[in-house]
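Asks: build the 3D model from these lines:
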Amino acid sequence: MSDMLHIARGGILASRTALAVTAENVANVGTEGYRRRQVTSVAASGGQTTPQTRPTGGQGVSVTEVRRAFDHLIAERSRAAVTAQASSAAHLGVAAALETRLIPGETGLDGRMRDFLDSLSRLAASPADMTTRSLALSSAASLAQDITDIAGDLVQLRRDTFAQAGLVAGQAQGLLESLEQLNNQMAQIGEIQTAGQHPLADRRDALLSELAGKLPISVALQADGRAFIRLGSEAGPALLDRQGPARLSVNAADRLTLHIATPTGEERETRMLGGGQLGGLSLGLGAIDMARAEFDQLTRNAVDSLNQLHRSGIDLTGQAGQDLFHIDGWLTTFPDATADRVHVQVTLSPPQTLNQPLELVFDGLTQEWQARDQNSAVLASGRDQVILPGVTIALAGAARDGDRLSLHPVSGRAVDLRLALSDPRTLAAASQFNVAPAASNSGAARLQASLPSEVAFPGAVDLIVTDAAAGVLVLRDVQTGATLDEGQVGADGQVLLGGFTFHLAGSPQTGDSYTLRATSAFSGNGDVAQAMAALRRSESGTGLLEQVSRFQGDLGIRTAAAQRNSDTAQARLESAQREESALGGVNLDVEAARMVELQQAYQASAQAMSVARSLFETLLRMI
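Replies: You can find the predicted model right below:
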């Protein structure tokens, strides 16, 4: 009789425990990070045979533990998916910002470049018209401003991306500290499968998943539930161990670098950030740096081509052309302690005779900045600005005694681009000479000629095709008829003769000739303006508009690739989340059915208890 009572009692206790666990699952169906609990029960064995006793039957059921639905491998796959998705999303954000700033269109870089080249075509048609000259100069200024604005936006985007990386590193630091607190609590409680550990384990796994979104991690779970963490793989630097959490910081002088300082004083730097937001931002910084380098190169190509042609021409007053654009400036380098407190703006003005590095030092006694040369000689000083030949340095912020910063002259950066001319008359639209084909020419070739600005025009000359089949040309003096030079046209249609660069396009015939004569002021010659306008496209695909289009297209291709990677990573994350949810998620239908089943088991055990009590009372009355 007592066996029946014990069996019924065990069934009631087991059902009650299982009902409580099921109710907890249902109550936490919407709780973030909660993992389903499940009861593990075993049949209680009866007494065993001994020399003095006979074997007895089973003793009902007993609950061995309340387990938390968790699988280490599934958790690792889920964290890896979180890391990959966070990385691709961060990279996509930067790539999309780059593409947005350089979207093609009328108001984009290609539109500004097209407007400028169109203005040069109009100038070539009316080179003496002052209104046309003013509009061309205004269009050149607009193009220069647009290029410097884009370059400045790329610089700011890099700063913002680095600032975001610093924020992410700080968030990762906070998560490591929270995990350290959980580790201490788990160590006090003990084994991981005790009921008191389950809420802590839920919180731990949620924090680990969040940390995996910041940077790639490898997690080693201890028997008591503590999580020890390394960066990347098991061989990576420790982020959290028995000594406590490491201190994290970032710098991006070149590539994004994570600085790790352990509680024991060991320090380590790594650029191997293969995932998480930090990994994606590292890729983003690389994309920005690549875009800046390409944009600088594109700007240099345009400036070099335009300046070379402009210098070969003469302006409206008959003077030799000067540079149309300048692309030199100053690079400011701050120590880390000064960068956030002091702001510097450098303005250039002609004539610029200063071409040596400078050091600015703040004197706390006089409250002035001193500009010093490489020998520490003071060149100039001032409170809010320092004025040097061709260079004005404006300073603002909370400077401290002894603050220093360095300035170095640089060239070739798009951010330094500016228009070199201010007077429309100085636009060198005319070439130094006119090219006139002879009326007797039987061929259909067109001659283009250029002469470097440093080479003086030799006077009237004739260029004669002496052998069209072999491409042989002869340069002769018009007055004397003397041969000045002779050469053969190359595969690119060009030949260098007497300092001139000739390009013969079309089909010349033997005996065709072209006469080159010096251009006078107000002659109406717009050849140089036309040559600059013709830079928009070339047979080799290196025209200015073609370079701009290719640059914008490359950014679009990279953004599309980043989008595909993000979509793939998102799909893998969703798959991992479904797998994890299938293991540890709460299904209300399943839990409801389970609750009904347990309720019936509880009632049945209670009924068995009632029957046993009734039988026991009947026996007592029979005595």
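Asks: which residues touch Leu182?
Replies: Neighbour list for Leu182: 200, 203-204, 207, 226-227 [criterion: C-beta atoms under 8 Å, 6 or more residues apart in numbering]. In short, each C-beta sits where N, CA and C put it, glycine included.
Asks: run the last query once more with 7 Å
Replies: 200, 203-204 (C-beta atoms under 7 Å, 6 or more residues apart in numbering).
Asks: can you check the pLDDT for it?
Replies: With respect to pLDDT, Leu182 scores 92.
Asks: what does Glu191 give?
Replies: For Glu191, pLDDT reads 61.
Asks: from now on call the first residue 39
Replies: Got it, first residue is 39 now, which makes that one Glu229.
Asks: which of the contacts of Leu220 fall in helices?
Replies: 238, 241-242 (DSSP state H).
Asks: the least confident helix or strand in the chain by mean pLDDT: what's the following helix or strand?
Replies: None of the helices or strands of the chain scores lower by mean pLDDT, DSSP states H and E than helix 374-377, at a mean of 64. The first helix or strand that comes after helix 374-377 along the chain, using DSSP states H and E, is strand 380-386.
Asks: for that next one, which strands pair with it and how are they oriented?
Replies: strand 429-435 (antiparallel) (DSSP bridges).
Asks: can you pull the buried residues of the partner strand?
Replies: 429, 431, 433 (16 or more other C-beta atoms under 10 Å).
Asks: low-confidence bits of the stretch 439-588 of the chain, can you list those?
Replies: In the predicted model of the stretch 439-588 of the chain, residues 491, 558-562 satisfy pLDDT under 70.
Asks: and the helices in it, which stretches?
Replies: Under the criterion DSSP state H, counting those that start in this stretch, the stretch 439-588 of the chain contains helices at 565-571, 582-622.
Asks: just name the most buried of these.
Replies: Compared across those, helix 565-571 shows the largest average neighbour count, a mean of 25 (mean count of other C-beta atoms under 10 Å).
Asks: contacts for that helix next, please.
Replies: Contacts of helix 565-571 (C-beta under 7 Å, 6+ apart): 155, 158-159, 161-162, 165, 344, 347-348, 350-351, 466-469.
Asks: rerun at 8 Å
Replies: Contacts for helix 565-571 (C-beta under 8 Å, 6+ apart): 155-156, 158-159, 161-162, 165, 174, 344, 347-348, 350-351, 359, 465-469, 472-473, 486, 488.
Asks: domain-wise, how is this structure divided?
Replies: 40-106+626-660, 112-136+198-321, 366-449, 471-556 (automatic domain parsing).
Asks: just send the ones you listed back as CSV, with distance to Glu332 too.
Replies: CSV is the format used below for those (distance: least, C-beta to C-beta, whole Å):
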stretch, distance to Glu332
domain 40-106+626-660, 44
domain 112-136+198-321, 11
domain 366-449, 17
domain 471-556, 25
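Asks: which of the contacts of Leu220 are buried?
Replies: For those, buried by 16+ other C-beta under 10 Å: 238, 241-242.
Asks: pLDDT weak spots in the chain?
Replies: Short version for the chain, where the test is pLDDT under 70: 39-40, 83-97, 229-234, 374-377, 390, 491, 558-562.
Asks: re earlier: which among the contacts of Leu220 gets closest to His110?
Replies: Arg242 (12.6 Å; C-beta to C-beta).
Asks: and Leu534, how many neighbours?
Replies: Residue neighbour count, defined by other C-beta atoms under 10 Å, stands at 11 for Leu534.
Asks: what's the separation between it and Gly208?
Replies: 61 Å (C-beta to C-beta, to the nearest Å).
Asks: correct me, but Ser545 touches Ser480?
Replies: No - counting by C-beta atoms under 8 Å, Ser545 sits too far from Ser480 to count as a contact (10.0 Å).
Asks: show me what contacts the residue positioned nearest the centre of the chain?
Replies: Nearest to the geometric centre of the chain sits Gly322, at 1.7 Å (C-alpha atoms, centre = their mean). If you count contacts by C-beta under 8 Å, 6+ apart, Gly322 has them with 128-129, 131-133, 199.
Asks: mind putting those residues into CSV with neighbour count, secondary structure and distance to Phe333?
Replies: As requested, these are exported to CSV (neighbours: other C-beta atoms under 10 Å; DSSP: H, G, I helix; E, B strand; the rest coil; distance: C-beta to C-beta, whole Å):
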residue, neighbour count, secondary structure, distance to Phe333
Ala128, 27, helix, 22
His129, 28, helix, 19
Gly131, 18, helix, 20
Val132, 26, helix, 15
Ala133, 26, helix, 15
Thr199, 23, helix, 16
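Asks: looking at the residues you listed, spot the one nearest Ser460.
Replies: Thr199 (36.8 Å).
Asks: contacts only, for the closest one.
Replies: For Thr199, counting by C-beta under 8 Å, 6+ apart, the contacting residues are 132, 319, 322-323, 326.
Asks: again, only using 6 Å
Replies: 132, 319, 322-323 (C-beta atoms under 6 Å, 6 or more residues apart in numbering).
Asks: do the same with Ser125
Replies: 313-314, 317-318.
Asks: rerun that using 10 Å as the cut-off
Replies: 251, 253-254, 311-322, 603-604, 607 (C-beta atoms under 10 Å, 6 or more residues apart in numbering).
Asks: any idea how far Gly519 is from it?
Replies: Taken as C-beta to C-beta, the span from Ser125 to Gly519 is 74 Å.
Asks: thinking again about what came up before, so which of the helices of the stretch 439-588 of the chain comes closest to Thr102?
Replies: Among these, helix 582-622 sits nearest to Thr102 (C-beta to C-beta), with 19.9 Å.
Asks: before we move on, back to that, now, of the domains of the chain, which is deepest in the fold?
Replies: domain 112-136+198-321 (a mean of 19).
Asks: check which residues of stretch 179-186 are buried.
Replies: Those would be 179, 181-182, 184-186, for stretch 179-186 by 16+ other C-beta under 10 Å.
Asks: tell me the one of these nearest Phe363?
Replies: Nearest member of the buried residues of stretch 179-186 to Phe363, counting by C-beta to C-beta, is Ala182, at 6.3 Å.
Asks: so which of the buried residues of stretch 179-186 sit within helices?
Replies: 179, 181-182, 184-186.
Asks: what is Tyr552 paired to in the beta sheet?
Replies: Pro475, Leu501.
Asks: now do the same contact list for it.
Replies: Residues 473-476, 479, 483-485, 487, 499-503, 511, 540, 542, 546 are the ones in contact with Tyr552 under the rule C-beta under 10 Å, 6+ apart.
Asks: how much space separates Leu593 from Arg575?
Replies: From Leu593 to Arg575 the distance is 21 Å (C-beta to C-beta).
Asks: if you could redo that for Arg75, that was the one I meant.
Replies: Distance from Arg75 to Arg575, by C-beta to C-beta: 71 Å.
Asks: again with Leu246
Replies: 56 Å.
Asks: then Gln601?
Replies: 31 Å.
Asks: Ile185 now?
Replies: 19 Å.
Asks: just Asp361 next, same as before
Replies: 24 Å.
Asks: picking that back up, a markdown table for the buried residues of strand 429-435, including distance to Pro275?
Replies: Listed next are the buried residues of strand 429-435 as a markdown table, based on distance: C-beta to C-beta, whole Å:
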| residue | distance to Pro275 |
| --- | --- |
| Val429 | 45 |
| Ile431 | 42 |
| Leu433 | 40 |
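Asks: just these now: which is nearest Pro388?
Replies: Distances from Pro388 to those, taken by C-beta to C-beta, are shortest for Val429, at 10.9 Å.
Asks: contacts only, for the spatially closest residue to the closest one that is not a sequence neighbour.
Replies: Leaving out its chain neighbours, the residue that sits closest to Val429 by C-beta to C-beta, 6 or more residues apart in numbering is Leu392, at 5.5 Å. Neighbour list for Leu392: 368, 386, 409, 411, 417, 426-429, 445, 447 [criterion: C-beta under 10 Å, 6+ apart].
Asks: what about 8 Å?
Replies: 426-429, 447.
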